[in-house]
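Asks: let me see the structure of the following:
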Amino acid sequence: MIKPLTIILSHLKPIHLSNRMHVYPQKKSNKKVIAGLTACLVLGFMLYDYISQPVRAVDELVLEEQEGVISKNLLVVLDRIESIKLDEKFFENAAFLSLQDFSVVLTPEPTGRPNPFAPIGSGAQTTTGSRPRR
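Replies: Purely as a prediction, here's the structure:
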């Protein structure tokens, strides 16, 4: 089996420019080969695109069905939440009133520089004692 690249190169005669460089002159057969390869690539891309489209359509239908099921489930859950009735006597119960609040008060912290990626000392806020790295 003869390799296609060998066939292409066998039709060309090198022009010697120096001891190491060879330049192959362009011939009409090279243009035909390039045009053929380009046509094959374009047809291959079109075939791939055509084959992959039905898969996308099926995926979209499955997603639409799933979204429909999710939205129905969401409506059922919302309906259940709306039907919940709280007994207000629960908040007057001694067990509820004996609960302690352990929440932590957050103190405001200073924010950093307006642009943390700016070089240090370029008009941005700097803290004392910080030096640029060298």
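Asks: mind listing the strands for this protein?
Replies: Per DSSP state E, the chain carries strands over the ranges 15-16, 22-23.
Asks: regarding the chain, what is its longest helix?
Replies: Longest helix in the chain, counting residues (DSSP state H): helix 28-82.
Asks: now that helix: average pLDDT?
Replies: Averaged across helix 28-82, the pLDDT comes to 80.
Asks: packing partners for it?
Replies: If contacts are counted by 3 or more Cβ pairs under 8 Å, 6 or more residues apart in numbering; DSSP states H and E, helix 28-82 sits against helix 4-10. Every residue, glycine included, has its C-beta placed from N, CA and C.
Asks: now do the contacts for residue 74.
Replies: Shown in contact with residue 74 (Cβ atoms under 8 Å, 6 or more residues apart in numbering): no residues.
Asks: state the distance from it to residue 35.
Replies: Shown here: residue 74 relative to residue 35, a distance of 57 Å by Cβ to Cβ, to the nearest Å.
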